[in-house]
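Participant: Just need the structure, nothing else, for what follows:
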Amino acid sequence: MLERNFIVIAGEEAGPRSNKMGGIWNVIDAEATNLARLVSNGDIGENNPPTIIVAGPFYGHSGADWNKGLNRITDLDEFDEYEAEGELLETLDSLRSRGIETYIRSRKIKDTEILYLMFRTKEFHRINTEYRGKSMCLASMIKAEAYELLGLDSLRYENMNNGIEYTHYLNLSYAISEFIRELVTAGGEVTTKYQDAAVSEFAASLLPSIQISLHCHEFGVFYAAARLEKIGINVQTVATYHATIPGRSSGHRSICKVREKDSSWDSGVPVNFAKLESLSSYADVVTAVGDSTLKEIKLFYGIDSIVVRNGIDLHQIDIDWEKKKEHREKIQEFLSEKIYNVHDSKVIPPNRIIPIFSISRIEIENKGYPDLLDSLVILDRRIKTQIEAGHLDENYRVICFIVAAHGPKTKTPDNFPIYLPEELLIGEEIRLQQMIRERRLECSRIPDGNRHVTAVLYPQWLSENDGGLNMKTEEFMAGCIAGIFPSRYEPFLLTGLEAGKEATPSIVSKICGFSDALGTLKRLVMGMGGVIVVDNINIPYLESISDYALAMDYFIDTYIDDKIKYNLLCQEANLLAGDMNWEEPTKQYYELLTGTRMK
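Facilitator: Prediction:
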């Protein structure tokens, strides 16, 4: 009997790359592309290579996104047209006949094709169907079935303040699971055409035996795995946590809950999301991206899991030092010009501006922004002392970009972000800007030397046309001399590895999920290296923010006084990213999904 293997990698962010940094899409894309490379290289599926499918939502126009603030629009232009055939075509036609619209595209990694299957679920409330003899819309049918199968109380969950998002996840998970159910059974009815048993048996032997594995990233698609289990579809499933819902709500307090074995949920936990997340128990294997997440899964849900760490795609062997220099000079010249324009001040020489950065979601406490700002005040005192002692040129200014936004802004004013009017900011962006002012870290204070260190809020998703620096995220990271990530709650921290990929040194908190892997780093510099870990777990707050400041000062001093040593620090950061590549995690996932032992 012929056999066809499919590996479906699913997630709510499984559309084309967004311009967020370190999001679930980065992980899904890395897993799919590395899986394709392994197939092309003959490392897996040599005799029967799998068909790789990335599954997620389709937002075809403005307003289609459940999150109106993000207003994502799915752009498939970067992918190739794809003509489905065989059981895949049969499956998509069957879904379409029931009103479940899909869009399929492809791209090749070496000789291996990755299919991108997007589901349009927004119109499910307009599609008529029948369930248990009653006529209703498809969205209602999905909720009724989910209650019957798994006790999901959608009547209550959809009326919560995040009800639209909950409904989206349920619809998307249903669509993904229906695609898999249809695909598993595709062609099975052909044998009914033949009356003769021998002919029927022969026809069945020619039909492909379809084996499907489903990898669900994050709680938004965990219902897909649970539903397949409950309706009896034989599919190998893996559910991966990148964090937990109760852990996110507790934030930096979650580490205390783990220590004290306190499994209670804080009052702010969205119970509908947590219920979806708990459905991971129906998967064949549950994985966590780090040790802290593994402990949270066990603490809050009583579910055992294994750790499969995230990685980074790093295929360029040599560091492009000239490009790093060009990107740095662009940032320095931008800052010098904009500060002069906005504050009508003397020109700060571009080569005396030291750009550093932090980038993440705008979760102020969880991401440690208060710690960062307090450490910048200490760093300012340190720089001021060095200048007064004659150890540092008086024109040096350290500018820390804080890249954090609720979503992309379509229109920014001239001289953004040095000129940042209040009306441009929303939600926590306003609070973060106020925190900068309270610490007297505004840019207006640096031209006359009142401050030598400042923080610049960059409330925008970085891109080539973001209305500010107009740089890609990787170009921005490469141009800054260091990154700092002082998270108080961080299951993994992809941004630290992204900085290392661009050969930019970084400072990370001990709480982040990859800090325990730093022992494998090949040291090029004795003492403090290209990635510095600050203990924000076991020591007092004042000591940890002082350590952040001293670590920043170390990178700044090395950059100014010893370029050879600084370049070695850059290489160390790059080596860490290289050591933590995606090949090993992808092989682990392949073993879990297929039961095939890797060599």
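
Participant: pLDDT weak spots in the stretch 451-599 of the chain?
Facilitator: 513-527, 599 (pLDDT under 70).

Participant: Please enumerate the helices of it.
Facilitator: 473-479, 494-501, 541-561, 563-579, 583-594 (DSSP state H, counting those that start in this stretch).

Participant: which of those helices sits most buried?
Facilitator: Sort the helices of the stretch 451-599 of the chain by mean neighbour count, taking mean count of other Cβ atoms under 10 Å, and helix 494-501 sits at the top with a mean of 27. Backbone N, C-alpha and C define where each C-beta goes, glycine included.

Participant: for that helix, packing partners?
Facilitator: Contact here means 3 or more Cβ pairs under 8 Å, 6 or more residues apart in numbering; DSSP states H and E; on that basis helix 494-501 packs against helix 473-479, strand 482-485, strand 506-509, helix 563-579.

Participant: Listing partners with orientation, what would you give for the second one?
Facilitator: This points to strand 482-485. Looking at strand 482-485 with DSSP bridges, its partner strands are strand 353-359 (parallel), strand 506-509 (parallel).

Participant: just so I know, which of these lies nearest residue 265?
Facilitator: strand 506-509 (24.2 Å; Cβ to Cβ).

Participant: Name the surrounding residues that touch the closest one.
Facilitator: For strand 506-509, the external contacting residues (Cβ atoms under 8 Å, 6 or more residues apart in numbering) are 368, 482-488, 490, 493, 496, 499-500, 514-515, 530-534, 536, 544, 548, 551-552, 555, 573.

Participant: Can you show me the CA trace of that strand as PDB?
Facilitator: Extracted C-alpha coordinates of strand 506-509, given in PDB (Å, rounded to 0.1, in the frame of the first residue of the first chain):
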ATOM      1  CA  SER A 506      23.400  41.700  24.900                       C
ATOM      2  CA  ILE A 507      22.400  41.800  28.600                       C
ATOM      3  CA  VAL A 508      19.700  39.400  29.600                       C
ATOM      4  CA  SER A 509      18.000  38.600  32.900                       C
END
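
Participant: name the element residue 148 belongs to?
Facilitator: For residue 148, the host element (DSSP states H and E) is helix 138-150.

Participant: next SSE after that helix?
Facilitator: Downstream of helix 138-150, the next assigned helix or strand under DSSP H and E is helix 154-157.

Participant: Which elements pack onto that next one?
Facilitator: Using 3+ Cβ pairs under 8 Å, 6+ apart, helix 154-157 sits against helix 138-150, helix 163-185, helix 271-278.

Participant: Contacts only, for the residue lying closest to residue 276 once chain neighbours are set aside.
Facilitator: Excluding its sequence neighbours, the residue lying closest to residue 276 (Cβ to Cβ, 6 or more residues apart in numbering) is residue 219, at 4.8 Å. Counting by Cβ under 8 Å, 6+ apart, residue 219 touches 169, 241, 245, 273, 276, 277, 279, 280.

Participant: Now for residue 34, how many residues are close by?
Facilitator: By the criterion of other Cβ atoms under 10 Å, residue 34 has 22 neighbours.

Participant: circling back to that earlier point, wait, which of the helices and strands packed on helix 154-157 is closest to residue 54?
Facilitator: With Cβ to Cβ, the closest approach to residue 54 among the helices and strands packed on helix 154-157 belongs to helix 163-185: 11.0 Å.

Participant: Is residue 341 located within a strand, as I assumed?
Facilitator: No - counting by DSSP: H, G, I helix; E, B strand; the rest coil, one finds residue 341 to be helix, located in no strand.

Participant: for it, what are its contacts?
Facilitator: By Cβ under 8 Å, 6+ apart, the neighbours of residue 341 are 414, 415, 418, 419.

Participant: same question, residue 54
Facilitator: For residue 54, the contact set (Cβ under 8 Å, 6+ apart) comprises 8, 9, 10, 14, 28, 29, 32, 114, 115, 116, 117.

Participant: Please identify, among those, the one with the most neighbours.
Facilitator: residue 10 (30 neighbours).

Participant: Next up, the contacts around that one.
Facilitator: By Cβ under 8 Å, 6+ apart, the neighbours of residue 10 are 54, 55, 56, 176, 214, 215, 216, 217, 221, 224.

Participant: same check, this time on residue 382
Facilitator: Contacts for residue 382 (Cβ under 8 Å, 6+ apart) come out as 549, 550, 553.

Participant: Quick check: nearest residue in space to the second one, chain neighbours excluded?
Facilitator: Which is residue 550. What sits nearest to residue 550 in space, not counting adjacent residues and going by Cβ to Cβ, 6+ apart, is residue 382, at 7.7 Å.

Participant: for the one you found, helix, strand, or coil?
Facilitator: Relying on three-state DSSP, one would call residue 382 helix.

Participant: Sticking with residue 103, tell me its helix or strand.
Facilitator: Going by DSSP H and E, residue 103 is part of strand 101-109.

Participant: Report the angle between that strand and helix 163-185.
Facilitator: Calculated by axes from the mean of the first three to the mean of the last three Cα atoms, to 10 degrees, strand 101-109 forms an angle of 70 degrees with helix 163-185.

Participant: picking that back up, can you pick the most crowded of the contacts of residue 341?
Facilitator: The most crowded member of the contacts of residue 341, judged by other Cβ under 10 Å, is residue 418 (21 neighbours).

Participant: helices and strands of the chain: which one bottoms out on pLDDT?
Facilitator: Of all helical and strand segments in the chain, the minimum by mean pLDDT, DSSP states H and E falls on helix 197-206, at a mean of 46.

Participant: Show me what secondary structure element comes after that one.
Facilitator: Next along the chain from helix 197-206, counting by DSSP H and E, comes strand 209-217.

Participant: Pairing partners for that following strand, with directions?
Facilitator: For strand 209-217, pairing defined by DSSP bridges yields strand 3-10 (parallel), strand 236-241 (parallel).

Participant: Low-confidence regions, the chain specifically.
Facilitator: For the chain, applying pLDDT under 70 flags the ranges 1-2, 14-23, 70, 187-208, 314-317, 513-527, 599.

Participant: do that again at 50, thanks
Facilitator: Scanning the chain for pLDDT under 50 picks out the ranges 1, 18-22, 189-195, 199-200, 202-207.

Participant: buried ones in stretch 140-160?
Facilitator: Neighbour-count burial for stretch 140-160, with 16 or more other Cβ atoms under 10 Å as criterion, is recorded at 140, 141, 142, 143, 144, 145, 146, 150, 152, 154, 157, 158.

Participant: again, but for stretch 238-256
Facilitator: Residues of stretch 238-256 classed as buried by neighbour count (16+ other Cβ under 10 Å): 238-252, 254-255.

Participant: what sits opposite residue 128 in the beta ladder?
Facilitator: When assigned by DSSP bridges, residue 128 has beta-bridge partners residue 137.

Participant: The helices and strands packed on helix 494-501: which one's closest to residue 127?
Facilitator: Closest approach to residue 127 among those is made by helix 473-479 (38.6 Å; Cβ to Cβ).

Participant: quick revisit: in CSV, list the helices and strands packed on helix 154-157 along with distance to residue 84.
Facilitator: Shown next, in CSV, are these (distance: least, Cβ to Cβ, whole Å):
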stretch, distance to residue 84
helix 138-150, 22
helix 163-185, 11
helix 271-278, 30
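
Participant: returning to what we had before: take the buried residues of stretch 238-256 and keep only those in helices.
Facilitator: 245, 246, 247, 248, 249, 250, 254, 255 (DSSP state H).

Participant: Format those as TSV; extra columns: distance to residue 425.
Facilitator: Formatted as TSV, those follow (distance: Cβ to Cβ, whole Å):
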residue	distance to residue 425
245	28
246	30
247	28
248	23
249	25
250	27
254	29
255	31
